[in-house]
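Peer 1: Make a model of this:
(chains A and B)
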Amino acid sequence: MTGRVLRIELKRSVAPWPGIVVLGGSLAIFCLYDGLWWRGTAGWTAQWTSMALWTRSLLTFLWPLAVGTGAVYGLREPRSRMAELLTTVPRPAWRRAALPAGAMALALASGFGLLVLVGGVQVALGRTTYTPLDWLPISLVAALALVAGAVFGMGVARALPSVLTPPGLVLFFLMLTALLQQNSDGTLPSSIAPNRLAQLLPVTAEPREMLLTLSGSVHLGQTLWLLGLLATGFALLSAVTRRARLLAVIPVLAGAALALLVLPAAARDTYVVDKAAAALVCDGPVCVTQANRSRLPELARRGKEALRVLHEVLGDKAPNAVREDTRLRAIADKREPSGDVVLVDFDDRLLADATGEKLTRALIAQGLAPSCYGNNDREGGGRGNVPVQSVAVSWALHDSRLQPLAERGSDPYLRTIWLDADVAWQRLTALSPAEQRSRIAELRTAGLSCAADRQLAVLAGKATR
Amino acid sequence: MRWLILYGRSRQVPASAAAVALVALAVWTLHGPGPVDQAMAVLVLTANVAAASVGLGGWDVVLERTAAIRWMPRRAAHVLLAGACAGAALLTVQAAGVQLAPTEVVVRDSAGLVGLAALGAALCGAQFAWTLPTGWLAFTLFGPPPGGTAGDVVMWMISSPATTASTGTAWALFASGTVVYAIAGPRR
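Peer 2: This next block holds a predicted model:
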């Protein structure tokens, strides 16, 4: 009986639509745009946690949408003017409310579940070998948020049966999202609102740092709050008396109060580094994080070769290890280059997809002329450093002419730098071998102290000392 | 006069007006003196337009169509008035000291949004007319911005009023929405 009614609900009402929109809309955004979600180590198909966080960050518009479609669905009985007739049915009100709510929940959960499945299959087929289960609660809370939002919308629409209710709810939730949303430009994602309050919004910031994940207390607090919202929605949906409607507000208030007690007050307890993912795996002097383990064999081979070249060129001052950079950085923040270690950032354009000879060159470049600013799809701050690095690498590998590490491009600013680099290459190669060595050592010192603007001048021998 | 009152009642004007007033009051009380906040301005405008859009159809669309009056100019006038009221409500709040967006942005956005709402009423019925402006707003606020002219077209609500593409999009939406709604009326 229940199964048949549920089937009829799914066939004959708007219930399946939110599920279809959740799946179709999200995939349209992910697949039609060549956005940041396809790039870097925190892409939506790169790692399990990033996949869960990217799909969850779509709740910015999926959540208001779920609330709105719930409200539209909840208006069905008032709209057909049969509410009075239905009160004569001998079934208890909550049992009548359970079926449409269940149909809606089923549609939303399967729509979101399929989205996660699409992402999950791509991650599983991808290069990562790190398979944690910590990402599951992130997606489960997202599904719960969608269901709770939809049922809440249904309940509110039943309590306030006006055509203005659905647009009002959607716009209210959009406004909440806009006010409380976190952005990930800082070291840790943060919102302008106090952290506890911002966490009541089940929307996460777009992931940028691959190692960050949500802490357990966030999952717990959000689950409590969303269960309260769900309970209130369902109570409003099945309430027949005014007193029951007033009492229905209690669960959401209780849920919010409990959640505010559990949720962390500071951003550093909200987003935490996934220790298992960040653990270093080493092959001799070359270390990467557990999450990027699949890159280790290639990096180890090329890294050792790069270290050998660096040792030849720099002598005792040469770095003796290659390590993945795991420090969290805000956008456009400086790196902390070190003289002993070649730091590797797999988001860096030079390193991202480099293999073979190209990877060796990129590693030598990082060792000889370290770049302090990120040269990746979000920042592009280290782009001006690439010509300098190219000169240094070509020199170290005894190339007959300057070999660019990256496309020269058509950007007028970069073109001048490349022309300067050509001149610097000519002047450098014209010097005696001993002078060449000291010039490169100077270049490296300038790089380590983050004086990127001086590096070309140093190379060309125009440094003002 | 009597016709207007009856028409206004059938279009739920009191409820819409109350909603618009409520939004204006909320903005005025909650928003402190701060810099121009365009996202909040488009949110308020969309709320106003969504509130007005429920009146783009009456209680019984089929019955209304049988009335021997010329609906076309009346429907067009309704859309124009709804847009004007939505914009005017925000401008009034701005006159009271809350600075949200420049006037030309308010005019452009209320025109585009009300056109979208009219289009929504013609395509999905007055009950769901709000879905088009609200959906576009959600994409504008949280969606990924495409680059170049396409970006100006898609993000017309928050683009600079100096860009021809965004202004053109807004007025094209306004014109097409008004024309389609005036000719076809709300969907049954």
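
Peer 1: So A:Phe112 is in contact with A:Ala142, correct?
Peer 2: Yes: here A:Phe112 reaches A:Ala142: they are 6.4 Å apart, a contact under C-beta atoms under 8 Å. Every residue, glycine included, has its C-beta placed from N, CA and C.

Peer 1: what residues are shared contacts of these two?
Peer 2: A:Thr55 (C-beta atoms under 8 Å, 6 or more residues apart in numbering or on different chains).

Peer 1: Show me which residues of chain B sit near chain A.
Peer 2: By the rule C-beta under 8 Å from any C-beta of the partner chain, the part of chain B lying against chain A is B:12, B:15-16, B:19, B:39-40, B:43, B:46-47, B:50-51, B:53-54, B:126-128, B:130-131, B:134, B:137-139, B:141-144, B:146.

Peer 1: Sitting in strands, which of these do you find?
Peer 2: Per DSSP state E, strands hold no members of the residues of chain B next to chain A.

Peer 1: Generate a PyMOL selection restricted to the buried subset of these.
Peer 2: A single PyMOL command selects the buried members of the residues of chain B next to chain A (16 or more other C-beta atoms under 10 Å in any protein chain shown):
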select buried, chain B and resi 12+16+19+39+40+43+46+47+50+51+53+54+126+127+128+130+131+134+137+138+139+141+142+143+144+146
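
Peer 1: for the biggest helix by length in chain B, what is the average pLDDT?
Peer 2: In chain B, assigned by DSSP state H, the helix with the most residues is helix B:71-95. What helix B:71-95 shows for mean pLDDT is 94.

Peer 1: Work out for me the element A:Tyr413 sits within.
Peer 2: Using DSSP states H and E, the element containing A:Tyr413 is helix A:412-430.

Peer 1: What angle do helix A:412-430 and the helix or strand following that helix make with each other?
Peer 2: Sequence-wise, the next helix or strand downstream of helix A:412-430 (DSSP H and E) is helix A:433-448. Helix A:433-448 and helix A:412-430 are oriented at 150 degrees to each other (axes from the mean of the first three to the mean of the last three C-alpha atoms, to 10 degrees).

Peer 1: In the stretch 201-350 of chain A, which residue sits nearest chain B?
Peer 2: Here the stretch 201-350 of chain A gets closest to chain B at one residue, A:Val203, 8.9 Å apart by C-beta to the nearest C-beta.

Peer 1: where does that residue fall, helix, sheet strand or coil?
Peer 2: Going by DSSP: H, G, I helix; E, B strand; the rest coil, the secondary structure assigned to A:Val203 is coil.

Peer 1: Extract the residue ranges of chain A that are flagged as low pLDDT.
Peer 2: Along chain A, segments meeting pLDDT under 70 span A:452-453, A:462-465.

Peer 1: Quick one: name the residues of it near chain B.
Peer 2: Contact residues (C-beta under 8 Å from any C-beta) of chain A with chain B: A:29, A:33, A:35-36, A:60-61, A:64-65, A:68, A:72, A:79, A:162-164, A:166-168, A:170-171, A:174-175, A:177-178, A:181.

Peer 1: Could you pick out the buried ones from those?
Peer 2: A:29, A:35-36, A:60-61, A:64-65, A:68, A:72, A:163-164, A:166-168, A:170-171, A:174-175, A:177, A:181.

Peer 1: Whatever helix or strand A:Arg308 lives in: which residues count as buried?
Peer 2: Using DSSP H and E, A:Arg308 maps to helix A:296-314. For helix A:296-314, a neighbour-count test (16+ other C-beta under 10 Å) marks A:Leu296, A:Leu299, A:Ala300, A:Arg302, A:Gly303, A:Lys304, A:Ala306, A:Leu307, A:Val309, A:Leu310, A:Val313, A:Leu314 as buried.

Peer 1: Likewise for stretch B:157-165?
Peer 2: Applying a neighbour-count criterion of 16+ other C-beta under 10 Å, one finds B:Met157, B:Ile158, B:Ser159, B:Pro161, B:Thr163, B:Ala165 buried in stretch B:157-165.

Peer 1: what about that stretch, how long is it end to end?
Peer 2: 11 Å (C-alpha to C-alpha, to the nearest Å).

Peer 1: what's the offset of it from the middle of its chain?
Peer 2: The chain centroid and the centroid of stretch B:157-165 are separated by 17 Å under C-alpha atoms, centre = their mean, to the nearest Å.

Peer 1: Could you do stretch A:417-428 as well?
Peer 2: 39 Å.

Peer 1: Residues contacting that stretch, please?
Peer 2: Outside of stretch A:417-428, the residues within contact range by C-beta under 8 Å, 6+ apart are A:384, A:387-388, A:390-391, A:394-395, A:401-402, A:404, A:408, A:436, A:439, A:456, A:459-461.

Peer 1: Of those residues, grab the buried ones for PyMOL.
Peer 2: A single PyMOL command is used to select the members of the contacts of stretch A:417-428 judged buried by 16+ other C-beta under 10 Å:
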select buried, chain A and resi 384+387+388+390+391+394+395+402+404+439+456+459+460
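
Peer 1: Just the ones in helices from the contacts of stretch A:417-428, please.
Peer 2: Of the contacts of stretch A:417-428, the ones assigned to helices by DSSP H are A:Pro387, A:Val388, A:Ser390, A:Val391, A:Ser394, A:Trp395, A:Gln436, A:Arg439, A:Leu456, A:Leu459.

Peer 1: which one among the residues you listed gets closest to chain B?
Peer 2: For these, the nearest to chain B is A:Pro387 (25.9 Å; C-beta to the nearest C-beta).

Peer 1: Run through the residues that contact that closest one.
Peer 2: Per C-beta under 8 Å, 6+ apart, neighbours of A:Pro387: A:Pro404, A:Leu414, A:Ile417, A:Trp418, A:Asp420, A:Ala421, A:Leu456.

Peer 1: run the last query once more with 6 Å
Peer 2: Shown in contact with A:Pro387 (C-beta atoms under 6 Å, 6 or more residues apart in numbering or on different chains): A:Ile417, A:Trp418, A:Ala421.

Peer 1: could the residues you listed go into JSON lines alongside neighbour count and distance to B:Tyr181?
Peer 2: Compiled in JSON lines, the contacts of A:Pro387 are given as follows (neighbours: other C-beta atoms under 10 Å in any protein chain shown; distance: C-beta to C-beta, whole Å):
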{"residue": "A:Ile417", "neighbour count": "19", "distance to B:Tyr181": "56"}
{"residue": "A:Trp418", "neighbour count": "17", "distance to B:Tyr181": "57"}
{"residue": "A:Ala421", "neighbour count": "25", "distance to B:Tyr181": "61"}
